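> give me a 3D structure for the following:
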Amino acid sequence: MTVEIKQASADQLPLIRQEILDIHVEVRHHDFGLNTEFNSRARFDERLTAYSARPGWSAVMGYDDGEPVGFCFGVPLGPDTAWWSSMTTPLPEGYTVEDGTRTVALNEIVVRKPWRGSGVAWQLHEAWLAHRHEQRVTLLVNPEAGNGSVQAVYEAWGYSRIGEQQPFPDSPVYASMIRPVRQA
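Just a heads-up that it's a prediction; the model follows:
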């Protein structure tokens, strides 16, 4: 299945914010039962606001016949990033040095249930990366999600697990993964 992809920058977020929030609630709360405070609409909106306020934030939205089916968004890691600060696994010296052009973080990728398993997540991912100029992309995934199947999808997309981190006191412990933005 191919969906229509629309790119968005931070100044366009007001046009898609409601769709992003609605999809988040539908998928995280209704489909997956993640009704914790960390996954609440308000807390997710706070994170969305914080991420989109950083330089270089971008998103893609997928549409099927005008209906929003999913999104992904992320932001480059700047010199003052806290991204690597919650790693529980030591990384090699220099691995976490950021300058705003080395690494982009894929903060979220979410697809509504009727479109899952049809390649839509891959389309969103690749459309988003096609406009990125960084060397590598990193993401966090709950290794328990889908009994490990979500992490396996990222591995099939070329990501490697480099350790674990817990970025918020009430968040899960995530697997930290990375891959080159452009695959050889």
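> specify the beta-bridge partners of the residue nearest the centre of the chain.
Centroid-nearest residue in the chain: residue 108, 2.4 Å away (criterion: CA atoms, centre = their mean). Judged by DSSP bridges, the bridge partners of residue 108 are residue 73.
> next up, the contacts around it.
Contact partners of residue 108, counting by CB atoms under 8 Å, 6 or more residues apart in numbering, are 24, 71, 72, 73, 74. Glycine gets a C-beta too; all of them are placed from N, C-alpha and C.
> what sits against residue 144?
For residue 144, the set of contacting residues under the criterion of CB under 8 Å, 6+ apart consists of residue 172.
> how close does the residue nearest to the centre of the chain get to residue 72?
Taking CB to CB, to the nearest Å as the criterion, residue 108 is separated from residue 72 by 6 Å.
> got phi/psi on the residue sitting furthest away from the middle of the chain?
In the chain, the greatest distance from the average C-alpha position (CA atoms, centre = their mean) is reached by residue 93, at 25.4 Å. Note on residue 93: its backbone torsions stand at phi -60, psi 130 [degrees, to the nearest 10].
> let the chain start at 810 from now.
Got it, first residue is 810 now, which makes that one residue 902.
> do you know the pLDDT at it?
At residue 902, the model reports a pLDDT of 94.
> cool, the one 5 residues further on as well?
Per-residue confidence (pLDDT) for residue 907: 97.
> that one belongs to a helix?
No: counting by DSSP: H, G, I helix; E, B strand; the rest coil, one finds residue 907 to be coil, located in no helix.
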